[in-house]
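Asker: Only the shape, not the letters, is given here:
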């Protein structure tokens, strides 16, 4: 300010209520941080697909203009009124933005209230297997009073590589629909859950893409997947592949027993056709199908399984990881399903297009004979002389061959089952756009309506 301006401002300061105080101004004027915050929000909110009105930007800009031009008299407001209003709007905008960027602007637990469980409509199916921290405004409310508040605000931006890729894409496009989709997916990056790290050894399964990527630095193995149907969605989770089984028996989950097998209780032909059998858990005895009724099948005392080998629903290999849903990655006896455009057809498990290649990825130090033994056990054509000789020598042996039935994965390989409808392709780096197969984007859009760039409501 010039001397004249300081003198004029002083006249208004003398009119101030002596009890009026704030963190964005003092009796010498408004802090430079107020202008910095306005500039930052004007730039960053559109980049995130967020509405400036939801962060009081028009009001802040108007009141700062009044203060900077000393226009109190010309607009008919007192300095007390303007500074009080400015203080409230700056503080609310700061806390709202910093907290939202650190925790998300919505609570993702809403996904676990979407679908009644199949066979148990009284409860909801859990499809989001995280307990993210709830938004906590305490830290931002404390920081707003400190000298490094702008540094804290800037550092609130999510640090995931996916967010940075989506933000970069947002800067490049003016397409309204793409910007809407990008904003929805940027929200996913804000939740305090486990997020993939760039170029780490890990497996990413993205449901909307219906695709899997096994990453090891710059090397990427990619393949199609089949995932859960809309009624039996594949859950979103973070785990780690710990072991694999070759030619596994399929222990049929109780929910599938209820919805599919129970109607065929006592039907020996159905069980034989599907190669199912029933085991008494306590004795280990195989029971006669015709002697087992529906009440016994629901008792929890029996195990209903499908025999290993040709026709098994798990195919020839399954990749196990700890989770709360009894799901896994596995081969399939229905290879034609990978040719479909829409591959949402399982009970929640993920079927992989290239199971042998995935096994090799998980066992990077396996020698040639180990890989060949897996290949032979999966009933694939051997590629080495030793393998071909072994198959010839055992031509009359019972199938499936069981050169290897089990193999630990050490160290465990991180697995992320994700849901991104805009996603940086791990192989190309380009942002790919995918359909909202499960309707999760619609849920996020509804939850963020009050704060999105599509709305001016608060």
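Answerer: Everything's here; your move. Since the model is a prediction, treat every value here as computed from it, not as a measurement. Numbering: from 1, shown residues only.

Asker: Please count neighbours and contacts with C-alpha atoms only from this point.
Answerer: Will do.

Asker: For the protein, give me the ranges with low pLDDT.
Answerer: Scanning the chain for pLDDT under 70 picks out 1-12, 14, 18, 453-458.

Asker: Compute the number of surrounding residues for residue 68.
Answerer: 14 (other CA atoms under 10 Å).

Asker: That one in helix, strand or coil?
Answerer: helix (DSSP: H, G, I helix; E, B strand; the rest coil).

Asker: got a list of what it touches?
Answerer: Not one residue lies near residue 68 by CA atoms under 8 Å, 6 or more residues apart in numbering.

Asker: Distance-wise, check it relative to residue 41.
Answerer: As for residue 68, its distance to residue 41 is 19 Å (criterion: CA to CA, to the nearest Å).

Asker: again with residue 115
Answerer: 37 Å.

Asker: Settle it for me: which of these two has more neighbours?
Answerer: A count of neighbours by other CA under 10 Å puts residue 41 above the other of residue 115 and residue 41, at 21 against 17.

Asker: And the helix or strand hosting that one, what does it pack against?
Answerer: Take DSSP states H and E as the rule and residue 41 turns out to sit in helix 32-47. When contacts are defined as 3 or more CA pairs under 8 Å, 6 or more residues apart in numbering; DSSP states H and E, helix 32-47 sits against helix 57-69, helix 79-103, helix 149-154, helix 161-172.

Asker: Can you say which of those is nearest to residue 315?
Answerer: helix 161-172 (33.1 Å; CA to CA).

Asker: quick one, whichever helix or strand comes after that closest one and helix 79-103 angle?
Answerer: Downstream of helix 161-172, the first helix or strand assigned by DSSP H and E is helix 176-190. Interaxial angle, helix 176-190 versus helix 79-103 (axes from the mean of the first three to the mean of the last three CA atoms, to 10 degrees): 80 degrees.

Asker: So which residues make contact with the very next helix or strand once past helix 176-190?
Answerer: Reading on from helix 176-190 to the C-terminus, the next helix or strand found by DSSP H and E is strand 202-206. The contact list for strand 202-206 (CA under 8 Å, 6+ apart) reads 196, 211-216, 413-420.

Asker: List buried residues within these.
Answerer: Buried subset of these (neighbour count, 16 or more other CA atoms under 10 Å): 196, 211-215, 413-420.

Asker: which of the residues you listed sit farthest apart?
Answerer: Farthest pair in those, by CA to CA: 413 and 420, 21.1 Å.

Asker: In helices only, show me the contacts of strand 202-206.
Answerer: Of the contacts of strand 202-206, none are assigned to helices by DSSP state H.

Asker: ok, of those residues, which one's closest to residue 262?
Answerer: So of these, ranked by how close each gets to residue 262 (CA to CA), first place is residue 417, at 30.5 Å.

Asker: ok, now which ones touch that closest one?
Answerer: Here residue 417 is in contact with 204-207, 235-238 (criterion: CA under 8 Å, 6+ apart).

Asker: Against residue 211, how distant is it?
Answerer: Taking CA to CA, one finds residue 417 at 10 Å from residue 211.

Asker: ok, residue 122 touching residue 116?
Answerer: Yes. The pair residue 122 / residue 116 is scored as a contact, 6.8 Å apart, by CA atoms under 8 Å.

Asker: Show me which of the two is the more surrounded one.
Answerer: Shown here are residue 122 and residue 116; by other CA under 10 Å, residue 116 has more neighbours (16 against 9).

Asker: For the more buried one, what are phi and psi?
Answerer: Per-residue torsions, residue 116: phi -60, psi 150 (degrees, to the nearest 10).

Asker: distance of the residue lying closest to it once chain neighbours are set aside from residue 117?
Answerer: Counting by CA to CA, 6 or more residues apart in numbering, residue 124 is the residue found nearest to residue 116 once chain neighbours are left out, at 4.2 Å. Note on residue 124: its distance to residue 117, by CA to CA, is 5 Å.

Asker: And for residue 85?
Answerer: 49 Å.

Asker: cool, residue 392 as well?
Answerer: Residue 392 is 50 Å from residue 117, by CA to CA.

Asker: neighbour count winner among those two?
Answerer: Legend: neighbour count by other CA under 10 Å for residue 392 and residue 117, higher for residue 117 (15 against 10).

Asker: and the more buried one, backbone torsions?
Answerer: The phi and psi values for residue 117, taken as degrees, to the nearest 10, are phi -70, psi 140.

Asker: again with residue 191
Answerer: Main-chain dihedrals, residue 191, degrees, to the nearest 10: phi -70, psi 140.

Asker: One more: residue 30?
Answerer: phi -80, psi 140.

Asker: my read: it touches residue 24, true?
Answerer: Yes. Counting by CA under 8 Å, residue 30 touches residue 24, with 6.0 Å between them.

Asker: hey, what's in contact with both of the two?
Answerer: Joint contacts of residue 30 and residue 24 (CA under 8 Å, 6+ apart) do not exist.

Asker: Skipping adjacent residues, who's closest to residue 280 in space?
Answerer: The shortest distance from residue 280 to any non-neighbouring residue, by CA to CA, 6+ apart, is to residue 302 (4.8 Å).

Asker: Now do the same contact list for that neighbour.
Answerer: The contact partners of residue 302, taken as CA under 8 Å, 6+ apart, are 278-281, 296.

Asker: can we see that at 6 Å?
Answerer: By CA atoms under 6 Å, 6 or more residues apart in numbering, the residues touching residue 302 are 279-281.

Asker: which one of those residues has the most neighbours?
Answerer: residue 279 leads the contacts of residue 302 on contacts (other CA under 10 Å) with 17 neighbours.

Asker: Work out for me the element it sits within.
Answerer: Judged by DSSP H and E, residue 279 forms part of strand 276-280.

Asker: quick one: strands adjacent to the helix or strand hosting residue 303?
Answerer: Here residue 303 sits within strand 302-306, counting by DSSP H and E. Next to strand 302-306 in the sheet, as set by DSSP bridges, lie strand 250-251 (antiparallel), strand 276-280 (antiparallel).

Asker: ok, which stretches of the stretch 201-350 of the chain are helices?
Answerer: 254-256, 268-273, 294-297 (DSSP state H, counting those that start in this stretch).

Asker: between those, which one is nearest to residue 396?
Answerer: The nearest among these, by CA to CA, is helix 268-273 at 23.8 Å.

Asker: So which bits of the closest one are buried?
Answerer: For helix 268-273, using 16+ other CA under 10 Å, the buried residues are 268, 271.

Asker: What of stretch 333-342?
Answerer: Per 16+ other CA under 10 Å, stretch 333-342 contains these buried residues: 337-338, 342.

Asker: Name the surrounding residues that touch that stretch.
Answerer: In contact with stretch 333-342 (CA under 6 Å, 6+ apart) are residues 311, 313, 315.

Asker: can you redo those as a markdown table with neighbour count and distance to residue 359?
Answerer: Formatted as a markdown table, the contacts of stretch 333-342 follow (neighbours: other CA atoms under 10 Å; distance: CA to CA, whole Å):
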| residue | neighbour count | distance to residue 359 |
| --- | --- | --- |
| 311 | 16 | 20 |
| 313 | 21 | 18 |
| 315 | 24 | 13 |
